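> coordinates only, no sequence provided:
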């Protein structure tokens, strides 16, 4: 333990050194010689510091937590009179990269989710998801909101409730993957429920956003918005499933290079994101739907048949023990896997979203001890309400399912930032949501590990 | 031939259909609801149309030509009263992506170039490079410039000459790769010379830019600039080589994930690009130097040893015939190859640079028949001057070396756009340079194929 701590101290020094390295960039940016190259240097700084913060992985925490913490530190140094990083606050190009990042992330999550697997997990996952949305939403809107934020409007409480419904598919899946229990029945249900939860949550986001924008809650309005969301999603999914292969074939006639595959996929994701926004939904809804529809079958004309044949030959000849690992390595490359192609683009853009999200958390708000106490209660409610949803999981470890639903991660933050952009969520509620999202994300990995060890 | 033409016509229809698909995006953008999402939709449109233009590959032409042609069409539709695509002209976020694209491209070219291989090709390559720079530069500045652009200043002639010195390493290397003659001695010399030519050309760009910016040519000034360029480059290369491995090891202490490797590399490229610009050089000089320094050895701590061991086992057991292909597939993945990681980012950003470059070519300038005739003469001079450089190639096919040096590609365009940004290169010279770069790029692949067939 002491050795580990000492190692951590050494690593922290690396991190600090890295920060010092980028000071000239920050200083130049602050002097406002602000061309595209300056924004690119700031981008490099954000990516670099975001990656350095992956130190938290050593503590068993997801990297996203480190990125948010790094952003939080950078964004609050001005409280200590250090304004080196204030150039980040107003840089339009970085905000643009962050927007691209969150769209790429939801597109990736959509790609990772499989519509057929969702169908199989079926009713159990659906029940867990519905309870996992309604319980936190109700508690958020009608208990936590009015009691702890009486100064907030109903609109603000709606966003608080919506943010509490979120389940971060990405984080949940990554935790199960890291622990090697993805095939575990409880994990299957959590993943299915998390996907359905995402769809429900995105509908809630659309409904809540519309309610806030139109200024009143009319039942008809809610029905129209919910209907529009469902129509867009089912349309995107059904038409997408119906035509994706044809579109894939269509463009394979021009060429079957890896660049074509990548470009078609990214353009489809961005186009659906744009379409969703034009219709009045959040852009990430479109990106998620686009990801759900696309799979490797769509792009089978882009695979190199000779390469696939070679690989099959070798796999047949390989000793049994190696086969599984090799299948992963080679299959991945043979199909020029879409998720693999998106990965570097994700590394380039997604951290910017999370660092900037942390950056916009105003710690000055925490001077208010009431707010800190509130955050603790909200965190407790957020955990308990999701654990309750686990009760619908059937003959599996219900605690594991419930705990798996707890992390709010980036999805909760997206709700909070949409609310902030609409001018509904004030600094205090935003800070509480961010703290809640971070805490639930932080608490999940050790909790899941403990539960798994306990159940053997 | 007729069958091929018919197929091409069918493909062109696909391309036109694709363009129609994106019309709503363009129309919305023109109405100027201009948030980040609109820029992202425009980005999707540019990427999509850029990729659709890779149809030119079927004619044996490099994809970059298609991207420029597509941009040229989009940027000149307003001459026909169609202003759907004018939103591209003023979009700052797209210009930002284009800047990132050209930096990524030069970083990639640097990565593909190997400093040790450069040393081996040695004197021959150096002589070819020096002649390949001095002959076109002299002809450009003191013959073509004064004779055909008497209205232009000496500064304009300097940029014309500089643009004529360029050799596109990327295009040349890709042509040789496509034709499977990368190991050919003539190809080796061309690649070595092209790399040296790039460095010389970049120094010329720095010198010419400084001369233009300071307004006069002082010998001392030239020496200082050239010295600064050499100092920066040698400093970046020597210190880089000396410390790159240590830096690589340093960050592998935080984590060895593929994201860390990617981030360190990209941040290094962007940081050096920024540093170059701060010092007064072009940002691409820094990106190129950064790429030259980095190689896989720097990141050896990031490879998965167990995976490397597995792969080695299977390769030993594989039948001889398969081994070479498998080595490429698996080795690529085992080392999580840096160039492979950068590829998707390149696909996302580089086409934007070339499409926008084509976009800014004003075809109205071509109404001037004198200008068209001038372009033809400039093309002829550009080809002949590089063929002359091939004479220094020694006991190999001199024609092949000369022809390999001909394509100006993106490097010539970079010179032209720097000159335009500095307000030195007027529309006529810019158009002639672009036409020259496109023509020399277009003419090379069939010429090389013909020369290779002729020499057996």
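Done, it's in. Predicted model, so just to flag it, every value in this text is computed and none were measured.

> next one: the longest helix anywhere in chain A to chain centre, how far?
Longest helix in chain A, counting residues (DSSP state H): helix A:219-252. Chain-centre distance of helix A:219-252: 22 Å, with C-alpha atoms, centre = their mean, to the nearest Å.

> elements contacting it?
When contacts are defined as 3 or more C-beta pairs under 8 Å, 6 or more residues apart in numbering or on different chains; DSSP states H and E, helix A:219-252 sits against helix A:185-214, helix A:258-279, helix A:283-293. Every residue, glycine included, has its C-beta placed from N, CA and C.

> go through that helix and flag the buried ones.
A:225, A:228, A:229, A:232, A:233, A:236, A:237, A:240, A:244, A:248, A:251, A:252 (16 or more other C-beta atoms under 10 Å in any protein chain shown).

> could you do stretch A:380-389 as well?
Here stretch A:380-389 shows A:381, A:382, A:383, A:385, A:386, A:387, A:388, A:389 as buried, counting by 16+ other C-beta under 10 Å.

> for the helix or strand hosting the second one, name the packing helices and strands.
So that's residue A:382. Taking DSSP states H and E as the definition, residue A:382 sits inside helix A:369-389. The elements that helix A:369-389 packs onto, with contact taken as 3+ C-beta pairs under 8 Å, 6+ apart, are helix A:115-139, helix A:145-148, helix A:154-165, helix A:398-404, helix A:427-455.

> that older thread, to residue A:423, which of the helices and strands packed on helix A:219-252 lies closest?
Across the helices and strands packed on helix A:219-252, residue A:423 has its closest neighbour in helix A:185-214 (8.7 Å, C-beta to C-beta).

> just the angle for the closest one relative to helix A:427-455, thanks.
When axes from the mean of the first three to the mean of the last three C-alpha atoms, to 10 degrees is applied, the directions of helix A:185-214 and helix A:427-455 differ by 170 degrees.

> the longest helix of chain A vs helix A:258-279, what angle?
Calculated by the same axes, to 10 degrees, helix A:219-252 forms an angle of 160 degrees with helix A:258-279.

> what's around residue A:87, how many residues?
23 (other C-beta atoms under 10 Å in any protein chain shown).

> so what's the gap between stretch A:246-262 and the chain middle?
The answer for stretch A:246-262 is 28 Å, by C-alpha atoms, centre = their mean.

> just the endpoints, please. Distance across that stretch?
Separation of the first and last residues of stretch A:246-262 by C-alpha to C-alpha, to the nearest Å is 16 Å.

> grab the nearest non-local neighbour of residue A:260.
residue B:51 (5.7 Å; C-beta to C-beta, 6 or more residues apart in numbering or on different chains).

> near chain B, which residues of the stretch 51-200 of chain A? Just list them.
A:51-52, A:54-55, A:57-58, A:63, A:92-93, A:95-96, A:99-100, A:103 (C-beta under 8 Å from any C-beta of the partner chain).

> from those, which ones fall inside helices?
Cross-referencing those against helices under DSSP H gives A:51, A:52, A:63, A:92, A:93, A:95, A:96, A:99, A:100, A:103.

> and the last one, how many residues sit next to it?
When counting by other C-beta under 10 Å, one arrives at 29 neighbours for residue A:103.

> OK, contacts around it?
Residue A:103 sits next to A:269, A:270, A:273, A:283, A:284, A:287, B:40 when contact means C-beta atoms under 8 Å, 6 or more residues apart in numbering or on different chains.

> let me know the closest of these to residue A:130.
residue A:284 (21.3 Å).

> hang on, the earlier thing: closest to residue B:396 among the residues of the stretch 51-200 of chain A next to chain B?
residue A:51 (45.7 Å).

> check the gap between the closest one and residue B:245 for me.
Residue A:51 sits 19 Å away from residue B:245, going by C-beta to C-beta, to the nearest Å.

> same deal with residue A:209?
51 Å.

> what of residue A:139?
55 Å.

> the residue nearest to residue A:260 is in contact with residue A:266, isn't it?
No: counting by C-beta atoms under 8 Å, residue B:51 does not reach residue A:266; the two are 9.9 Å apart.

> flag every residue of the stretch 351-456 of chain A that's near chain B.
So far as C-beta under 8 Å from any C-beta goes, the stretch 351-456 of chain A lies against chain B at residue A:351.

> of all residues in the stretch 351-456 of chain A, which one is closest to chain B?
residue A:351 (8.0 Å; C-beta to the nearest C-beta).

> winner for burial among the helices and strands packed on helix A:219-252?
helix A:283-293 (a mean of 27; mean count of other C-beta atoms under 10 Å in any protein chain shown).

> does that one reach chain B?
Yes: against chain B, helix A:283-293 shows contacts by C-beta under 8 Å from any C-beta at residue A:283.

> show me what that helix is packed up against.
So helix A:283-293, by 3+ C-beta pairs under 8 Å, 6+ apart, packs with helix A:92-112, helix A:185-214, helix A:219-252, helix A:258-279.

> mean confidence for the first one?
This predicted structure assigns helix A:92-112 an average pLDDT of 87.

> can you give me the buried ones in it?
Result for helix A:92-112 [16+ other C-beta under 10 Å]: buried residues A:93-112.

> what angle do it and helix B:92-112 make?
Using the same axes, to 10 degrees: helix A:92-112 against helix B:92-112 is 70 degrees.

> cool, the longest one as well?
With the same axes, to 10 degrees as the basis, helix A:219-252 and helix B:92-112 are set at 40 degrees to each other.
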